[in-house]
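Student: predicted structure and sequence below. I'll ask about it afterward.
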Amino acid sequence: MATEIKVPVLPESVSDATIATWHKKAGDAVKRDENLVDLETDKVVLEVPSTVDGVIKEIKFEEGATVNSQQVLAIIEEGAAAEAAPAESGSQGKEAPAAGAEEVQPKPEAKRADDKAPASTKPQPVSGGKTADLPPGARFTAESKGIDPSQVEGTGRRGAVTKEDLLNYASGKTQGVSGGARPEERVPMTRIRKRIAERLMQSKESIAMLTSFNEVNLGKVMALRKELGEQFQKDHGIKLGFMSFFAKAAANALAKHPVVNASVDGDDIIYHGYADISVAISTDRGLVTPVLRNVERMSFAEIEQGIADFAKKARDGKLGLDDLQGGTFTITNGGTFGSLMSTPIVNPPQSAILGMHAIKERPIVDNGQVVAAPMMYIALSYDHRIIDGKDAVLFLVDIKNQLENPHRMLLGL
């Protein structure tokens, strides 16, 4: 029995998807729940598993094709054996030779002198590499500059070395032996990367964005992690990182400064009575921002485990649309890549984003004494249409005070 494998029902916010990677080809045997193909949307990569055991009879769309909800991607012959399946993929395959028969390969025809080289054939340096074989202009250039044409990769018809090739070789601009390689590659943007670009431009064009800065002494946080980190990991099975401190401090500060947790909808301001914090995670496909829900009610262990789970799902391409939708505030950590200071861009319809940065020992004055301390610059970019500078500064000061007094934060003070 033939079974159709269809594009999953896409949310209203996602109009279509692009076929990113086929993991199987026509004629392959598949198992139920085995991933067949990855579909890339504007937000995530979706896996489409097989619903039955069988053999892929036909693949309807190639990689790079755009598909919509419920379109048929492939047809599986349920319960069939791999040997019995036709090797098709949108086009007719070659018939296999009869059992015991020897496959006869046709003899290549002699190539005529006027045959053109195949389009896929990479041009080679001119045959023989003799200066006398070059056109007059190129021959004069080779002789006058003392260039051996066999060392030059030709870009002319059928790989012929041109005068320009010789001049570029002489000036070291091409991939000649002495010139050094200058490779270029043009690749299309992924759907996710294009969506990121669109949202960033939307943010810059629609939000009156401003950034405020402060700095935090993380000495006490680091001492607390050193003192309790081993016991924390033993009890909860997860390391105590910095992000849980920042996420918890942000949730507490958002409760005290609700406008920073608000969003704009037309002429209205929506105040959210919960802290759904988007955590920026870098992947090879681009930046994603899965959402930790109700951080104000989460423990440090729950925050750390939630972030770890999201990071693994992001690396494996298994983030779902529900993981990314919503969010009232974002935290991004450029410090993991060594960033000392930046101005993060607000993620609409949110109104603010907190930027963490690298921790560096710097001299500070503490009780009249100059001492070295592990300092971090923090930044808050915000929508100045609804958040005044005072609110932004007080929010950052609140974050700073909590992180510099983590015992008070743990007690909810």
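Tutor: Ah, there it is. Numbering: from 1, shown residues only.

Student: outline the domain layout of this structure.
Tutor: 2-84, 132-170, 210-410 (automatic domain parsing).

Student: can I get these in TSV with mean pLDDT?
Tutor: Formatted as TSV, those follow (pLDDT from 0 to 100):
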stretch	mean pLDDT
domain 2-84	85
domain 132-170	79
domain 210-410	94
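
Student: and those domains as TSV, adding mean neighbour count?
Tutor: Quick note: C-beta positions are derived from backbone N, CA and C, even for glycine. What follows is those, written out as TSV (neighbours: other Cβ atoms under 10 Å):
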stretch	mean neighbour count
domain 2-84	17
domain 132-170	17
domain 210-410	17
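
Student: which outside residues touch stretch 332-341?
Tutor: Stretch 332-341 is contacted from outside by 213, 242-243, 246, 280, 282, 342, 344, 353-360, 376-377, 379, using Cβ atoms under 8 Å, 6 or more residues apart in numbering.

Student: related to what we said a few turns ago, would TSV of the domains of the chain with distance to Glu198 be doable?
Tutor: Listed next are the domains of the chain as TSV, based on distance: least, Cβ to Cβ, whole Å:
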stretch	distance to Glu198
domain 2-84	8
domain 132-170	37
domain 210-410	11
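
Student: nearest to Met201, of these?
Tutor: domain 210-410 (9.8 Å; Cβ to Cβ).

Student: what about that closest one, distance to the chain center?
Tutor: Averaging C-alpha positions (Cα atoms, centre = their mean, to the nearest Å) puts domain 210-410 21 Å from its chain's average.

Student: and that domain, end to end?
Tutor: Domain 210-410 has its terminal residues 31 Å apart, counting by Cα to Cα, to the nearest Å.

Student: now do the helix or strand encompassing Ile196, average pLDDT.
Tutor: In this structure, Ile196 sits in helix 191-206 according to DSSP states H and E. For helix 191-206, mean pLDDT is 80.

Student: by contact count, what packs against the helix or strand following that helix?
Tutor: Later in the chain than helix 191-206, the nearest helix or strand by DSSP H and E is strand 209-217. When contacts are defined as 3 or more Cβ pairs under 8 Å, 6 or more residues apart in numbering; DSSP states H and E, strand 209-217 packs onto strand 369-383, helix 389-404.

Student: how far off centre is strand 209-217?
Tutor: 27 Å.

Student: how far off helix 389-404 does that strand point, in degrees?
Tutor: Angle between the axes of strand 209-217 and helix 389-404 is 30 degrees (criterion: axes from the mean of the first three to the mean of the last three Cα atoms, to 10 degrees).

Student: how many neighbours does Ala208 have?
Tutor: For Ala208, the count of nearby residues is 10 (other Cβ atoms under 10 Å).

Student: any idea how far Ser381 is from it?
Tutor: Using Cβ to Cβ, to the nearest Å, Ala208 is found at 11 Å from Ser381.

Student: and what of Ile307?
Tutor: With distances taken as Cβ to Cβ, Ile307 is found 21 Å from Ser381.

Student: then Thr336?
Tutor: Distance, Thr336 to Ser381, using Cβ to Cβ: 18 Å.

Student: repeat that for Gly389.
Tutor: Taking Cβ to Cβ, one finds Gly389 at 12 Å from Ser381.

Student: now the common contact residues for these two.
Tutor: By Cβ under 8 Å, 6+ apart, Gly389 and Ser381 have these common neighbours: Leu210.

Student: helices along the stretch 101-250 of the chain, start to end?
Tutor: According to DSSP state H, counting those that start in this stretch, the stretch 101-250 of the chain carries its helices in the segments 136-145, 163-170, 191-206, 219-236, 243-256.

Student: do you know which of these lies nearest Gly64?
Tutor: For Gly64, the closest of these is helix 191-206, at 10.8 Å, according to Cβ to Cβ.

Student: which residues touch that closest one?
Tutor: Under the criterion Cβ under 8 Å, 6+ apart, residues 17-18, 40-45, 189, 209, 285-288, 345-348 lie in contact with helix 191-206.

Student: run the chain-centre distance for it.
Tutor: Helix 191-206 sits 14 Å away from the centroid of its parent chain (Cα atoms, centre = their mean).
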